[in-house]
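Chemist: Prediction below, plus the sequence it came from.
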Amino acid sequence: MKIQRIQQETKNQKSKIKFVFDPWSINDVYLPLVSEKSRYLHLYGGAGSGKSVFAAQKLIIRTLTEKGHRFLLLRKVARTIRGSQFALLKSLISYTNMGVYFSARESDMRITCTLNGNEIVTSGLDDREKLKSIFGITSVWIEEATELDINDFTQVDLRLRGKTPNYKQIILTYNPVNALHWLNTTHKPDSYTVRTTYADNKFIDEEYKKMLESLKFQNAEYYDVYVLGKWGIQRNIVYQPFEIIDCCPGYENFDDVIYGLDFGFNNQTALIEIGLKDKEYYLNELIYESRLTNSALIEKMQKLGIESSKYIYCDSSEAGRIEELRNAGFNAKAAKKNVKDGIDFVKSCKIYSKPGNKQVNKEVLMYAYKEDGNGKIFDEPVKENDHALDAIRYALYTHRNKTPYIGLIWI
Ligand SMILES: Nc1ncnc2c1ncn2[C@@H]1O[C@H](COP(=O)(O)OP(=O)(O)OP(=O)(O)O)[C@@H](O)[C@H]1O
Ligand SMILES: [Mg+2]
């Protein structure tokens with residue numbers, strides 16, 4: 001974005017600053033949205049389509065040209081804002097040589113426009129106290145909005161109220177990961193939605209384009225979502241995405257800790273730690289690796305310090321490997337592998353994941369029931385994208401009837 005500063009003579013001969021935006025610096029598809037005033041502006045689509053850059057551009061334009069603003073940069077997890085929205089705004093300000101008109105405070109990630117006092121503040125939904133303490137929000141940009149559940153969103157929506165000098169808007173930027181997501185299934189009035197792909201971004205480099213196009217041969221579902229910008233066709237998806245939270249009670253504070261282990265060699269071996277607290281479950285992805293021999297696995301588990309008293313529910317089809325784990329001092333058990341009942345049980349549990357559980361979070365969006373060519377869906381899931389999820393199912397389902405007390409006498 002190039003912005004020219006023009007000294008304008010007014011009637012009283014006082015100089016005034018006027019900003020002229022170079023339309024070439026904004027991708028064509030977004031240009032009409034500079035003045036789009038709908039309360040909800042959805043920018044969704046494929047990767048690298050310029051959504052985030054445009055959201056940042058619009059915020060800067062509004063900050064410079066309107067008055068009385070306190071914009072909120074929001075994500076599910078507060079600390080992820082520093083490397084995304086905050087970093088992007090700062091680089092855009094410096095790229096456009098607008099540094100003289102803004103000051104950025106690193107400590108609480110706050111940007112102030114020195115010309116008019118407008119502010120851009122930040123908060124994550126994991127920091128509810130901070131969010132509550134921010135008042136007078138005039139517009140919001142939610143990055144990676146699919147991270148939010150609908151209650152999170154409602155909370156933000158409710159905060160955007162009162163009389164403000166300019167229009168109030170929530171910009172939501174996201175990839176269309178799962179057609180069942182509330183962002184796709186809930187339609188609010190006064191919404192404006194634009195879907196884009198990398199082809200809409202004239203600034204994208206050739207190398208990135210090639211990388212995106214290569215997804216066509218690697219993963220058809222990813223290709224649909226991240227290249228074509230289509231809602232992930234997951235009507236036969238097995239689980240709703242687990243709620244992502246950044247902080248959990250912590251190992252010491254759990255009522256109990258159990259493990260699920262899915263063996264693999266050519267496929268991944270997945271070991272997931274699950275903390276139990278007040279009948280809710282907190283996932284911690286420990287191992288997700290292919291070509292792991294049993295001895296290498298045991299060594300890793302020893303390094304992780306897994307206690308010998310904790311149940312490790314393992315893929316029961318590998319009795320030999322379970323035996324080796326037991327010989328190494330782990331409390332390894334053969335899991336109950338009834339797939340249908342297991343899945344139903346997992347579905348009935350309140351499960352939290354965290355941003356660091358990369359594979360768990362990825363698998364849960366892709367794990368789907370089998371479907372035949374006529375669209376008939378079967379009760380049985382496709383045996384793909386399931387290693388971490390199988391480990392979770394083994395642990396939760398096999399452990400389901402045990403309280404910590406009963407666990408002491410269970411064999
Ligand atoms: N207006 C612009 N001027 C200069 N470069 C741009 C512009 N818009 C986008 N780009 C370039 O394209 C890249 C991708 O844009 P951006 O990060 O906004 O995509 P996105 O749609 O948010 O992607 P994702 O879905 O992966 O989050 C940017 O890192 C930047 O290099
Ligand atoms: Mg983005």
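Modeler: Perfect, thanks for sending it. Ligands and ions are numbered 1, 2, ... in the order given.

Chemist: and the stretch 201-350 of the chain, which of its residues are near ligand 1?
Modeler: 201, 203-204 (C-beta under 6 Å from any ligand atom). In this view, the C-beta of every residue, glycine as well, is placed from N, C-alpha and C.

Chemist: which one of those residues sits closest to ligand 1?
Modeler: residue 203 (3.3 Å; C-beta to the nearest ligand atom).

Chemist: how about the closest one, what does it touch?
Modeler: 27, 50, 53 (C-beta atoms under 8 Å, 6 or more residues apart in numbering).

Chemist: Would you mind measuring from it to residue 48?
Modeler: 9 Å (C-beta to C-beta, to the nearest Å).

Chemist: excluding its backbone neighbours, what's nearest residue 335?
Modeler: residue 394 (3.4 Å; C-beta to C-beta, 6 or more residues apart in numbering).

Chemist: secondary structure element for that neighbour?
Modeler: helix 387-398 (DSSP states H and E).

Chemist: residue boundaries of the helices in the stretch 201-350 of the chain?
Modeler: Using DSSP state H, counting those that start in this stretch, the helices found in the stretch 201-350 of the chain span residues 206-218, 220-222, 294-304, 319-327, 339-348.

Chemist: I meant to write the stretch 1-150 of the chain there.
Modeler: Going by DSSP H, counting those that start in this stretch, the stretch 1-150 of the chain shows helices at 51-65, 87-95, 128-133, 150-159.

Chemist: Save those as JSON lines, and put in mean neighbour count too.
Modeler: Listed next are those as JSON lines, based on neighbours: other C-beta atoms under 10 Å:
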{"stretch": "helix 51-65", "mean neighbour count": "23"}
{"stretch": "helix 87-95", "mean neighbour count": "17"}
{"stretch": "helix 128-133", "mean neighbour count": "12"}
{"stretch": "helix 150-159", "mean neighbour count": "15"}
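
Chemist: need the least confident one among those, by mean pLDDT.
Modeler: The weakest mean pLDDT among the helices of the stretch 1-150 of the chain belongs to helix 128-133, with a mean of 80.

Chemist: Mind giving me the packing neighbours of that one?
Modeler: Using 3 or more C-beta pairs under 8 Å, 6 or more residues apart in numbering; DSSP states H and E as the contact test, the elements touching helix 128-133 are strand 119-124.

Chemist: how big is the angle separating the strand it packs on from helix 51-65?
Modeler: Strand 119-124 runs at 140 degrees relative to helix 51-65, counting by axes from the mean of the first three to the mean of the last three C-alpha atoms, to 10 degrees.

Chemist: Do I have it right that residue 378 meets residue 339?
Modeler: No - counting by C-beta atoms under 8 Å, residue 378 sits too far from residue 339 to count as a contact (11.4 Å).

Chemist: Looking at these two, which one has more neighbours?
Modeler: residue 339 (15 against 11; other C-beta atoms under 10 Å).

Chemist: which residues does the more buried one contact?
Modeler: Counted by C-beta under 8 Å, 6+ apart, residue 339 has contacts 380-381, 393.
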